[in-house]
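Asks: sequence plus the predicted model coming up.
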Amino acid sequence: MKKTVCLILAALLSAVLCGCSGENAKSDRRYMVSSLGFSTEGALINVFAEIIIVNSEDPEASPETKVFSAAAQSVSGALDKIGSSLEKPMLLNHCAVIAVGEKMTPYWFSEICDYCFNENRITMSAYMISVEDPYELLSEKSRSSAAKGYDIMGMIEQQSERTGLSYNSRYFEVEAARESGKKTFTLPHFVISPSGASVDGLSVFREDRLIANLNNEDSGCYAVITGEFKKGTLRFGAEEYHLRSRKVDYLYSDGNENKIVLRLRLSGDGFDGTACERLEKNLESLYERLKSETGKDAFGFYDILSVKYSEFEDKYQSGYDEFFGSADFVAECKS
């Protein structure tokens, strides 16, 4: 509870914590960390720091960006190694992105979150993202800003505006969900192609472990189910539906058969009976596929149903996997 309260206060103060002014900003801005990346290697954690190097002796010189890396048995140990190779302290409170490698273990994911919480120089409004190789992503040349980390932040915000998905992946949002007991959360998933890096949907995490990567189309369906999609454009192949409003209800039954029911009432351009039938099939298909591929509740239905129905949590706190394993999913969509 204490940590959750701290997270709420940190969110309210993030605008203040992001910036700095006066003497401290001037003296420490030589090495500004714009993004951090993490991957695992056996018992070690690899840390990658994208640093903007400013030549304070020559104000007209363009800032230079470099990625420094180190491995250690702790996050702080790896960052200390990076810091020891620099002439001035690293300024962490400009960090815009925390990039997590896809093979990250639950132990190290938790360690990263704990470090970011305890290290008060890292702003809690930094975006957390998932990518196969954080070093490759952060080493890619920035296209439009001083550093790749700031490009990534802009890409997430633009993608959210275009697609209607709410990428609730700022550090304080992810950590607040984890601290509240939620087992499932998502991060923006980045891929790297010959044309450059891009947001390719959502990465689904359960109990701090990556269990699925979803493309943009599947991410839209996933977000409709979980409530992260409020309004915007849903795309199914060549078809587009513009959603203006969404009302949702979650139900369950465990009598003769276990069932989870999602009831949707949607309005928007193109949302007729045919569109609703198409959406129902897509939602049910995604549910069956993720259930088959992961064997886990990738949608966080336990979290949703426990909040709505107190008896559900009492009944299935220790036997939910058995309930979910035999539960059918039904989507009911009306326009």
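Replies: Happy to help now that I have it. Numbering: from 1, shown residues only.
Asks: this structure - how does it break down into domains?
Replies: When the chain is parsed with automatic domain parsing, its domains come out as 2-214, 220-334.
Asks: make JSON lines out of those and add mean pLDDT and mean neighbour count.
Replies: Every C-beta, even on glycine, is put in place using the N, C-alpha and C of the backbone. Below are the domains of the chain laid out as JSON lines (pLDDT from 0 to 100; neighbours: other Cβ atoms under 10 Å):
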{"stretch": "domain 2-214", "mean pLDDT": "85", "mean neighbour count": "18"}
{"stretch": "domain 220-334", "mean pLDDT": "87", "mean neighbour count": "16"}
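Asks: quick one: the strands in this structure?
Replies: 31-41, 44-53, 64-72, 97-101, 127-131, 184-193, 196-206, 209-214, 232-236, 239-254, 258-269, 328-334 (DSSP state E).
Asks: make CSV out of these and add distance to residue 168.
Replies: Below are these laid out as CSV (distance: least, Cβ to Cβ, whole Å):
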stretch, distance to residue 168
strand 31-41, 19
strand 44-53, 23
strand 64-72, 27
strand 97-101, 14
strand 127-131, 10
strand 184-193, 8
strand 196-206, 11
strand 209-214, 15
strand 232-236, 15
strand 239-254, 16
strand 258-269, 19
strand 328-334, 22
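Asks: nearest to residue 146, out of those strands?
Replies: The minimum distance between residue 146 and those falls on strand 44-53, with 5.6 Å, by Cβ to Cβ.
Asks: who does the closest one pair up with?
Replies: Sheet pairing of strand 44-53 (DSSP bridges) gives strand 31-41 (antiparallel), strand 64-72 (antiparallel).
Asks: identify the residues contacting the nearest residue to residue 316 once chain neighbours are set aside.
Replies: Using Cβ to Cβ, 6 or more residues apart in numbering and skipping the chain neighbours, the partner closest in space to residue 316 is residue 323 (5.3 Å). Residue 323 makes contacts with 254, 258, 316, as judged by Cβ atoms under 8 Å, 6 or more residues apart in numbering.
Asks: now do residue 264
Replies: Contact partners of residue 264, counting by Cβ under 8 Å, 6+ apart, are 224, 246-248, 279, 331-334.
Asks: and if you look at residue 202?
Replies: 165, 167, 186-189, 213-214, 219, 222-223.
Asks: now for the strands of the chain, which one comes closest to residue 112?
Replies: The minimum distance between residue 112 and the strands of the chain falls on strand 31-41, with 5.5 Å, by Cβ to Cβ.
Asks: which residue ranges of the stretch 1-150 of the chain form helices?
Replies: 2-18, 22-28, 75-84, 106-118, 134-139, 148-163 (DSSP state H, counting those that start in this stretch).
Asks: got the CA positions of the third one in CSV?
Replies: Pointing back at helix 75-84 there. In CSV, the C-alpha atoms belonging to helix 75-84 read as follows (Å, rounded to 0.1, in the frame of the first residue of the first chain):
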residue,chain,number,x,y,z
VAL,A,75,21.3,-3.5,-12.1
SER,A,76,23.1,-1.0,-9.9
GLY,A,77,26.4,-2.8,-10.4
ALA,A,78,26.1,-2.6,-14.1
LEU,A,79,25.2,1.1,-14.1
ASP,A,80,28.2,1.7,-11.7
LYS,A,81,30.5,0.1,-14.3
ILE,A,82,29.1,2.4,-17.0
GLY,A,83,29.4,5.4,-14.7
SER,A,84,33.0,4.6,-13.8
